[in-house]
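> predicted model, plus sequence, below.
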Amino acid sequence: MKSRNLFLIFLLSFYTSTVISQNCNYTFSGIVEDFHDKSPIVNATVYIKSINKYTTTDVEGKFIIPNICSGKITIEISHLACDTKTLHLDFNKDIYKVIDLEHHIEELNEISIKGASGKKTKTSQETVLKTNTLENFSDANLGDALKEVSGVSSINTGNSIVKPVINGLHSSRVLTSINGVRLQDQDWGIEHAPNVDINAAGSISIIKGANALEYGGDAIGGVIVLNPSKIIKKDTLFGKTIVSQQNNGRLFSVNTSLNKNFKKGWFVNAQTSFKRSGDFKTPDYQLTNTGIKSFGATFNSGFKSFEKGFEVYYSYLTNELGILRASHIGTNGDLVRAINSSEPLVIEDFSYTINNPKQDVTHQVFKTELYKRLKGLGKFSFQYDFQHNKRLEFDIRRGNRGAAADLTLKTHVVSANMKFDANRKRIYKIGISGGYQNNFPDLTGVRRLIPDYDKYNLGVYSIFEFVFFDDDLIFNAGTRYDFSHINAKKFYQKSRWNSLNYDQDFSNIIIDETGSQFLANPKFNYHNVSASAGISYKLNSENSLLLNYGLSNRAPNPSELFSDGLHHSASRIELGNLRIQPETSHRISGSYKYDTSKFKVSLETFFNRINDFIYLEPIDVETTLRGAFVVWDYKQVNATILGIDTDLTYNFNENIRFLNKSSLLKGRDITNNRPLIDMAPFKTVNTILFQKQNWNNFYASLKSEYTSRQNEYPDNNFTAFIPETQTNELVDISTPPNSYHLLHFTSGFDFNMSKTKIGIHFSVNNLLNTKYRDYLNRLRYFTDELGRNFKIQIKINY
Amino acid sequence: MKSIKLLAILFISAITFTSCSDDDNPMEELEEEVITTMKITLTPDGGGTAVTIESKDLDGDGPNAPVITPGTLTANTTYNASITLSNETESPAEDITAEIRQEDEDHQFFYQTTGINATTAYAGSNDADGNPVGLSFTLTTTDASTGSLIVTLRHEPNKSATGVKEGSITNAGGETDIAVTFPITIQ
């Protein structure tokens, strides 16, 4: 017996030692998220069958299972509202997985564990900003939040009018979609910020390039898709309130949303936000008349089930934005004085009052959508939306006159889409949309910059998506045709009409004549074809590649065609041109992604060749009673833009993480062989983040933001004769400001009080109170950027 | 498939419905605030023939340059000058002088000379704060010379800044509404 026992002990010890050599120290960790909006799924079960080990996801959807032995292991992920998904993983190292569960039961593929999930496109350069990122910007605006994505910058007029710039392109070249409605809010002007309340979005997708054809074919720069918060099919009532207070501008902001869902599929959501601030401050002085007053509300309700559903959506947003008083100037002489002065020429004490110049813009969206699933075929959906945009611009005028611009833009769109997804590996989408738009500028005593017009659109598209090798290879291609017809009625000064040689080319469109003006009736038709093809390939669990090509055409917008007048903040005359033709972009891009639990890298490169790029450039000097003005005219040139955006994350351990985001952009006007204007300079952002879950999710991060000086810019400087001084002065409107470096600090934690989760966040922006100016701020001639800003934010989930 | 047909009909009818538009022509809009014409009448102190100098830009911010009427003044003479402003894009022409007078605290004219032997001084009534507006002024010539008279109108100037009350533009600030250079001959 003894010998037998000894033998057994020997055997056992041998067995144990083989177990040790098998290595049972691997960890399986990850996060379970909603397929649609990437929000975390709480309490999902992660179960390892072979060893009977299981865990559930925490409030952030995270899970971790330690001590897994090497070899093939079967894992089941399940959640109440979703189907169970089985994964087969081969453990020979730690594995980290992002697992997307289909929370809505409307899609066929309930769970996807592939990288492209949660996104709107599968083969485009797309980034999704999730709810918790967006919440940090509850008191800011869309343009600020999107800068979290490398390659996205913004072009600003002061600090409250922020327009997103995707890979160097903005305004009409960037399409914004809110809850499936293409935003129509006079996006042509740089000083027209998108009328979007960031608090109304559950997540935001940023798609670089024009590859998301279902949204439109003219988004040469890219597409911004704001998705509403997800709808959960169970009887529940929940809400969220975010309150924040900043010291700079004494900004106060509050946002509340309430959601009521029913198990059968009915839902009601309501959200409202309010923001108020007074004059902001640079490190040295007040920015007089830069206050903000903003109010927004959204409401949506409907019914959602697998087979059918409908939704009614309404949103209202009004923004009153003060524009820096000192930026209102009369002449070149004033501009020279402003540029040469180190401070704005008007500085007053802090005030909440918003005086002229200011903007007051109200945007309303109404949408109704219905869908039905046709058995064995796919999903059919139909949508009607209406948008009403009222834009008032107040200038400094004599005699207490009212708004200088009073524009009402109304847009109706009907669209129908069919998605054939019965075979998940061969998906086809077709769609048609038709729209009518009317712009009505009311009389203000200032000649209209944008005339009365009616515009009709018709678009059709078809997209297919083929999936091979168990989702590792996705091929996607599509084409779209858009027809648009614009019928405008515009008064031209006779002298202007003749100086543009319209008397030779367009005399047939004059329909009326007054003493000094012609009434012209330009009618234009544009036919645009766009196409996209992309491929994404997952080489193995760590490496993946993406390649795509996009062809897009964009018809000129009303500003490029008709603009006609003096811009006070730029002290220049801007002229549209009836001869402008659509511009065509060919964009090739490639991405490489490396993804492990320790180290993540994303490299995105692109090359964009734009033929007939519509471009504003100085052509002439005109004299008026006020003095001389430079005339800027829309021209078309051939241009190329290329760039590289990188994104990397390195986890030193569970608690410490390093992040870097960098982007480099080059834009050239090939026709004139010179750099393009307004290209974002090189920027790199480094963040060191400490977080500890069992300290109430405590985190603290220090962010360093370095923006270099833009050394490649077109020289549009000119010499102006200044009557007051009887001298010729160089007006330096081109030289970019110097490079700058900023530090930002954020910290926070959260805790639960019975069923309520409370998060407290504190941040300091521009920690060192650095004085700097930004190349992409139109008010950089007049003032520095904002100084140090302390912010406290309280988030309550109930 | 019935539902598709139904929706297609709905879709087409919606397009047709939204396609209606009115064919009314928009109203003509004239620049209300534009100053097309500045006329300065210089009357010799103690009588004599008045000299009128003028800058007229009938298309406002349009491409045509202003037409300037120069002036010839007599040496060693004091002239009482008065400025009238009008907007001739409207018919009848609108008198802008009255608008300036109404908002006199927010406006001030400045006169500068180059090359001519002449001095200027504010005359006429001040604004409610006792600061000059400059719709009237005196111009005193000495020796014969040629050069120019530069007239600037500033909106919302800082009238309390150093020298501004005395007619120096250097610290005035504000935005320029008018800046005209008149060629002047003194003989």
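Cool, the structure landed.
> buried set for stretch A:515-535?
Buried residues in stretch A:515-535, counting neighbours by 16 or more other C-beta atoms under 10 Å in any protein chain shown, are found at A:516-522, A:524, A:526, A:528, A:530-535. Where you see a C-beta, it was placed from the backbone N, CA and C, and this is true even at glycine.
> can you tell me which of those residues are in strands?
Judged by DSSP state E, the buried residues of stretch A:515-535 include A:517-520, A:524, A:526, A:528, A:530-535 as members of strands.
> which residues does residue A:272 contact?
A:255-257, A:295-298 (C-beta atoms under 8 Å, 6 or more residues apart in numbering or on different chains).
> ignore the last one, residue B:116
Counted by C-beta under 8 Å, 6+ apart, residue B:116 has contacts B:141, B:145-149, B:184, B:186.
> excluding its backbone neighbours, what's nearest it?
residue B:147 (3.8 Å; C-beta to C-beta, 6 or more residues apart in numbering or on different chains).
> what about the one you found, neighbour count?
18 (other C-beta atoms under 10 Å in any protein chain shown).
> which regions of chain A sit below the pLDDT cut-off?
A:1-22, A:35-38, A:80-83, A:102-118, A:568-569 (pLDDT under 70).
> all helices for it, in order.
Remark: helices assigned in chain A by DSSP state H are A:2-22, A:131-135, A:142-146, A:332-340, A:494-499, A:502-505, A:558-562.
> ok, back up a step: buried ones among the contacts of residue B:116?
Counted by 16+ other C-beta under 10 Å, the contacts of residue B:116 give B:141, B:145, B:147-149, B:184, B:186 as buried.
> residue ranges with poor pLDDT in chain B?
Along chain B, the parts satisfying pLDDT under 70 run over B:1-23.
> could you pull up the contacting residues of the closest residue to chain A within chain B?
Of all residues in chain B, residue B:32 sits closest to chain A, at 3.4 Å by C-beta to the nearest C-beta. Taking C-beta under 8 Å, 6+ apart as the contact definition, residue B:32 lies against A:401, A:445-446, B:87, B:90, B:94.
> how about it, phi and psi?
Residue B:32 adopts backbone torsions of phi -80, psi -40, taken as degrees, to the nearest 10.
> hey, what's residue A:762 bridged with?
Assessed by DSSP bridges, residue A:762 has beta-bridge partners residue A:747, residue A:792.
> that one and residue A:747, how far apart?
To residue A:747, residue A:762 is 5 Å away according to C-beta to C-beta, to the nearest Å.
> just flag the most distant two among the buried ones among the contacts of residue B:116.
B:141 and B:148 (13.6 Å; C-beta to C-beta).
> measure how the helix or strand hosting the residue nearest to residue B:116 sits relative to helix A:332-340, angle-wise.
Residue B:147 belongs to strand B:145-155 when assigned by DSSP states H and E. Interaxial angle, strand B:145-155 versus helix A:332-340 (axes from the mean of the first three to the mean of the last three C-alpha atoms, to 10 degrees): 70 degrees.
> still on that earlier bit, the residue nearest to residue B:116 against residue B:182, yeah?
No: shown here, residue B:147 and residue B:182 do not form a contact pair, counting by C-beta atoms under 8 Å, at 9.8 Å.
> shared neighbours, these two?
With C-beta under 8 Å, 6+ apart, residue B:147 and residue B:182 have no common neighbours.
> residue A:593: neighbouring residues, count only.
Using other C-beta under 10 Å, residue A:593 has 19 other residues around it.
> list the contacts of it.
Shown in contact with residue A:593 (C-beta under 8 Å, 6+ apart): A:115, A:543-546, A:600-603.
> what residue in the stretch 651-798 of chain A comes nearest to chain B?
For the stretch 651-798 of chain A, C-beta to the nearest C-beta, closest residue to chain B: residue A:723, 4.3 Å.
> actually the stretch 251-400 of chain A, sorry about that
residue A:330 (3.8 Å).
> residue B:81 versus the closest residue to residue B:119 other than its chain neighbours, what's the distance?
Spatial nearest neighbour of residue B:119, excluding adjacent residues (C-beta to C-beta, 6+ apart): residue B:140 at 5.2 Å. Between residue B:140 and residue B:81 the computed distance is 11 Å (C-beta to C-beta).
> tell me which of these two has more neighbours.
residue B:81 (23 against 14).
> kindly format the C-alpha coordinates of the strand holding residue B:147 as CSV.
Taking Å, rounded to 0.1, in the frame of the first residue of the first chain, the C-alpha atoms of strand B:145-155 are listed here in CSV:
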residue,chain,number,x,y,z
SER,B,145,-0.4,125.6,-50.4
THR,B,146,-1.8,122.3,-51.8
GLY,B,147,-2.6,119.2,-49.9
SER,B,148,-5.6,117.5,-48.4
LEU,B,149,-8.2,117.6,-45.7
ILE,B,150,-9.0,114.2,-44.2
VAL,B,151,-12.4,113.9,-42.6
THR,B,152,-13.1,110.8,-40.4
LEU,B,153,-16.4,109.9,-38.7
ARG,B,154,-16.0,107.5,-35.8
HIS,B,155,-18.9,105.5,-34.3
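> and the next helix or strand past it?
Criterion used, DSSP H and E; the element after strand B:145-155 is strand B:175-186.
> quick check: angle from that next one to strand B:145-155?
Using the same axes, to 10 degrees: strand B:175-186 against strand B:145-155 is 160 degrees.
> from the contact counts, what lies against strand B:175-186?
helix A:332-340, strand B:37-44, strand B:51-56, strand B:67-69, strand B:71-73, strand B:145-155 (3 or more C-beta pairs under 8 Å, 6 or more residues apart in numbering or on different chains; DSSP states H and E).
> enumerate the residues of the stretch 201-350 of chain A near chain B.
Residues of the stretch 201-350 of chain A lying near chain B by C-beta under 8 Å from any C-beta of the partner chain: A:328-331, A:333-334, A:345-346.
> hmm, 10 Å instead?
Taking C-beta under 10 Å from any C-beta of the partner chain as the criterion, the stretch 201-350 of chain A approaches chain B at residues A:308, A:325-326, A:328-335, A:337, A:341, A:345-346.
> report the buried members of these.
A:308, A:325-326, A:328-335, A:337, A:345-346.
> show me which pair in those residues is furthest apart.
Going by C-beta to C-beta, the pair spanning these furthest: A:308 and A:333, at 66.4 Å.
> contact partners for the closest residue to residue A:675 other than its chain neighbours?
Leaving aside its sequence neighbours, residue A:675 sits nearest to residue A:712 (C-beta to C-beta, 6+ apart; 3.9 Å). Contacts of residue A:712 were listed using C-beta atoms under 10 Å, 6 or more residues apart in numbering or on different chains, and they are A:665-668, A:674-676, A:679, A:681, A:736.
> cool, and residue A:721?
Counted by C-beta under 10 Å, 6+ apart, residue A:721 has contacts A:332-333, A:621, A:623, A:627-628, A:727-729, B:179, B:181.
> which residues pair with it across the strands?
residue A:728.
> distance of it from residue A:566?
18 Å.
> before we move on, the earlier item: now the common contact residues for residue A:762 and residue A:747.
Here residue A:762 and residue A:747 share the contacting residues residue A:700, scored by C-beta under 10 Å, 6+ apart.
> residue A:595: neighbour count?
18.
> how about the residue of chain A found nearest chain B: what's its closest non-neighbour residue?
Of all residues in chain A, residue A:445 sits closest to chain B, at 3.4 Å by C-beta to the nearest C-beta. Once flanking residues are discounted, residue A:445 sits nearest to residue B:32: 3.4 Å by C-beta to C-beta, 6+ apart.
> and for residue A:169?
Setting aside the residues directly before and after it, residue A:169 is nearest to residue A:221 in space (C-beta to C-beta, 6+ apart), at 3.0 Å.
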